[in-house]
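# build me a structure from this.
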Amino acid sequence: MATVSNTQMNTNSSLPPRRGQIKEQIYENILDMMVSATTKAGEVLGMKKNEAGSGGEGGKVIVVGGDSDGGTASIG
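Residues are numbered from 1 along each chain as shown. Take a look at the predicted model:
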């Protein structure tokens, strides 16, 4: 009968992942998804903000109160 060494037996079987490794992978995936969603939302909001600020009133804001220039102020 042939004998098999311990090293040959260990290479054929796989061990379960280390304690906490699966949770770590799950948390990393969730974090990556949150970062990408936040980045995409920021890009969309940034584009809308730039589109809204480029036209319309020409950079004027109505000021409530008794200003001497007629109630408007230039921005930028």
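
# all contacts plus neighbour counts: C-alpha atoms, from now on.
Fine.

# helices and strands of this protein: which one bottoms out on pLDDT?
strand 72-74 (a mean of 54; mean pLDDT, DSSP states H and E).

# run through this protein and note the low-pLDDT ranges.
1-12, 49-76 (pLDDT under 70).

# need the longest helix for it.
Assignment by DSSP state H gives helix 21-54 as the longest helix of the chain.

# return the list of helices and strands in contact with it.
For helix 21-54, the contact count by 3 or more C-alpha pairs under 8 Å, 6 or more residues apart in numbering; DSSP states H and E identifies no helix or strand as a packing neighbour.

# oh, and call the first residue 23 from now on, that's how I've got it
Let's use 23 as the start, then, which means that last one is helix 43-76.

# if I look at I52, how far off is L37?
25 Å (C-alpha to C-alpha, to the nearest Å).

# circling back to that earlier point, what comes up buried for the longest helix of the chain?
When burial is assessed from 16 or more other C-alpha atoms under 10 Å, helix 43-76 yields no buried residues.

# how would you label L37: helix, strand or coil?
Following DSSP: H, G, I helix; E, B strand; the rest coil, the label given to L37 is coil.

# how far away is it from E46?
18 Å.

# ok, S36 next?
Separation of S36 from E46 (C-alpha to C-alpha) stands at 20 Å.

# over to M56?
To E46, M56 is 15 Å away according to C-alpha to C-alpha.

# ok, M69 next?
Taking C-alpha to C-alpha, one finds M69 at 35 Å from E46.

# what about R40, which helix or strand?
Using DSSP states H and E, R40 sits in no helix or strand.

# kind regards, and thank you for your time.
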